[in-house]
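> Next input, structure requested:
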Amino acid sequence: MADLAWNTPDEELTGERYNLMIDRISRIAADRLVPEEYQDYFEKGAALLLKAIDIYEKKKDGRLAERTLLECQADQAALFGHIAPENYETSYANPAYAAAAFGTEAGQILTLLCSEMEGCIAYAFEGRQQELTLLLELFVQVYNAFEEEDLAEAKDIIYWFFHDYSEIFVENSIHDMICAEDNFFIDIIMNADLSDLRYLYSYGLPVSESDLAIARFLNTLPEAEIQAMADTYTEGYRIGFENVGIDLSKKKTAELDFPIGFERMMRAAICNLQKLGLAVTVAREPVSSFSNKGSYKRGIYSTSVNRQYDFDHREDKAFYFDKAFVERYLEVQRTVFEQHREEALVYAGPAVVEVFGETPFSPESKESAIHYSEEQQKLNVYFASERSTTIYKYIPGEERSFTIIAYPTPDIGAQFEEIFAETVKVNTLDYKKYQAIQQCLIDVLDGAERVHIVGSGDNHTDLTVAIHRLDDPATQTAFENCVADVNIPVGEVFTSPVLTGTNGVLHVTEVFLNGLQYQNLEVVFKDGMIDSYSCTNFDSEEENLKYVKDNVLMHHDTLPMGEFAIGTNTTAYRMARVYQIQDKMPILIAEKTGPHFAVGDTCYSREEEIERKNPDGKFIVAKENECSVLRSEDPAKAYFNCHTDITIPYNELGAITAIYADGSTADIIRDGLFRVEGAKELNEPLLVLEKC
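The predicted structure follows:
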């Protein structure tokens, strides 16, 4: 491997090395030192990097804020145009195109490098010269290797780049999560003129028409409505702490995760959180495979430019992912958390805004894309477990909370404004009323030995879920009465099933999970563990199995059923049916519109020791299962670090029936309607639909 001299002190990355890279990259087009077949790739890459450097220089001397709207849009096209759908088929960011142009081996090197260079854009806008310089050096080093047509050297350069710089990347990710000082994003949210939509172009994120449209729309709302949205969001966050007896006054920071365009709401939310004594942190959506870029949206993010691009690069880490990388990462993570021990202890948890409305996406699976090997998948499961264990060591689960709420974007269609207003109503339903109704359901479910769920019509679900036994029904309950605190909107009762005795088939004709569409998703459980699975997205059964394993099982060979719940928000269900947006509803709302079953960890993962009560004063006893009970002896077998809800909508539901030890039964739902006394009010929105 070449001597890259990358481990020099940070201050040496400024000045000379940065200027050296500018000079080297600016000469690539004229020098033409690589073989002809690669010249176009490196010229286009150099042009993008020079544009990022131009952004950085303007940021440094204050000229960036002076750009006109047309200049902002021109910069966007230069920086992100190559991944836009209309250009993607002939973009080197497309693994299939790169493989066709250069062959599989060189194609994977160059398409990975192309994707990683997106980080230069982020670092330029934030003014992070050190990280920008490192990526410029990576590009030049790979360019030098291709001069010699040495693919092995190019692969080594990329491998060691990610191994050697773990300290910087891990430090940045942890710092941005728990340390509130000098936050780039907070400065924009609190100080920008939000009526001038140029502010959206100051993040260094691709700005879509949807992002612009939501910002324009929120700018039309009266301040009172914006404040009400923020109040719902932050009050849910506060109540989350109150309900589990955590003293919020001991916390100092809260993390915000949200899409751009919502800045008016977030500005009001930040003021609310400050009144609670909390400073705010905001981190950027991952821009590198190191942080699982493309896997899911988190931090501050924009509407995806191209979901196929995200999908194609979601496993790029496999290029350099091995045992040495994992152990190095975990070592650095522990060191960084130890250095930030005090900040971690006062971190309160995330407050999340999700959006929905995009057309359901069923990706193309490309053999040319980088994929985890079977061995790497197993290593990734271990990695996720160990990484989470460290996080929970320094940020104990029993000492933090969260909240999450969702709103539609204009992508949802012409009735966007009506749907937005309906969503606000759904998010603010009277939780006291639902609390009383849901208690009626719990009174019937408590004491059941098992619950039988069957589908109707094309849905062939036939599933029996085993329920925890109550030793003292007067003081204990198996189901949590979940209203609108951390998990907005209101509307579910849930439990952690007993795995032994939980058997059968879960089937949904169509479902949208973590941004991906599944057709005829079927999961078979045997004693609570996934025994087999399938879908019909692809012509090849092999592709279907891989799709489910990668994105539902999260590379595990099997997962337990971590949650069984009955959604009660028939108002949200009516909204979805009236506006024909069932396939666009986020899990957060969709899970409240029918029974749902989570695969992975329970809802009480790593918080099993926290004493929890329902509003009626009964202790919740169903907080773990036969896997999580192993947490003290073997955490790797206890926790799976994932939790994916799969919902059966009411119209695909035949019945949910509680079955007791003496053989007697009680219907909770039959033929799509609630049958429990005290809960029949939930049928009103469903009966309205029948009349339509």
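> got the contact list for residue 24?
Residues in contact with residue 24 (C-beta atoms under 8 Å, 6 or more residues apart in numbering) are residue 140. Placement of C-beta: from N, CA and C, glycine included.
> Please identify which helix or strand holds it.
Under the criterion of DSSP states H and E, residue 24 resides in helix 16-26.
> Could you point out the helix or strand that follows that helix?
helix 28-31.
> If we go by neighbour counts, what in the one helix or strand residue 417 maps to is buried?
In this structure, residue 417 sits in helix 416-427 according to DSSP H and E. Going by neighbour count (16 or more other C-beta atoms under 10 Å), the buried part of helix 416-427 is 416, 419-420, 422-423, 426-427.
> immediately after it, which helix or strand?
Following helix 416-427 toward the C-terminus (DSSP H and E): helix 431-445.
> Hmm, residue 683 is touching residue 671, no?
No: judged on C-beta atoms under 8 Å, residue 683 makes no contact with residue 671 at a distance of 10.8 Å.
> of these two, who's got more company?
residue 683 (17 against 11; other C-beta atoms under 10 Å).
> got the contact list for that one?
Here residue 683 is in contact with 570, 673-674 (criterion: C-beta under 8 Å, 6+ apart).
> again, only using 6 Å
By C-beta atoms under 6 Å, 6 or more residues apart in numbering, residue 683 lies in contact with 673-674.
> Check which residues of stretch 48-63 are buried.
The neighbour-count check on stretch 48-63 (16+ other C-beta under 10 Å) flags 48-53, 55-56, 58-59 as buried.
> Ignore what I typed, I meant stretch 354-367.
354-358, 362-363, 365.
> And that stretch, how far out from the chain middle?
Offset of stretch 354-367 from its chain centre (C-alpha atoms, centre = their mean, to the nearest Å): 13 Å.
> which strands and helices sit next to the top helix by length along the chain?
If you go by DSSP state H, the chain has its longest helix at helix 36-61. Judged by 3 or more C-beta pairs under 6 Å, 6 or more residues apart in numbering; DSSP states H and E, helix 36-61 is in contact with helix 16-26, helix 28-31, helix 118-126.
> now it and helix 16-26, what's the angle there?
Helix 36-61 runs at 140 degrees relative to helix 16-26, counting by axes from the mean of the first three to the mean of the last three C-alpha atoms, to 10 degrees.
> Pick out the lowest-pLDDT one from the buried residues of stretch 354-367.
Minimum pLDDT for these is recorded at residue 362 (81).
> That residue contacts residue 535, doesn't it?
No: taking contacts as C-beta atoms under 6 Å, residue 362 lies outside contact range of residue 535: 9.7 Å.
> can you pull the contacts of residue 653?
residue 672.
> and if you look at residue 650?
573, 594, 672.
> how near is the closest residue to it other than its chain neighbours to residue 645?
Sequence neighbours aside, residue 672 is the residue nearest to residue 650 in space, at 4.7 Å (criterion: C-beta to C-beta, 6 or more residues apart in numbering). Residue 672 sits 20 Å away from residue 645, going by C-beta to C-beta, to the nearest Å.
> who's more crowded, the two?
The neighbour comparison of residue 672 against residue 645 (other C-beta under 10 Å) goes to residue 645, with 22 against 18.
> and the more buried one, what helix or strand is that in?
Residue 645 belongs to strand 643-647, assigned by DSSP H and E.
> gap between that strand and the chain center?
Taking mean C-alpha positions (C-alpha atoms, centre = their mean), strand 643-647 and its chain are 13 Å apart.
> relative orientation of the helix or strand following that strand and helix 431-445 in degrees?
Next along the chain after strand 643-647, taking DSSP H and E as the criterion, comes strand 653-659. Strand 653-659 and helix 431-445 are oriented at 60 degrees to each other (the same axes, to 10 degrees).
> Toward the C-terminus, what is the element adjacent to strand 653-659?
Following strand 653-659 in sequence order, the next helix or strand is strand 665-670 (DSSP H and E).
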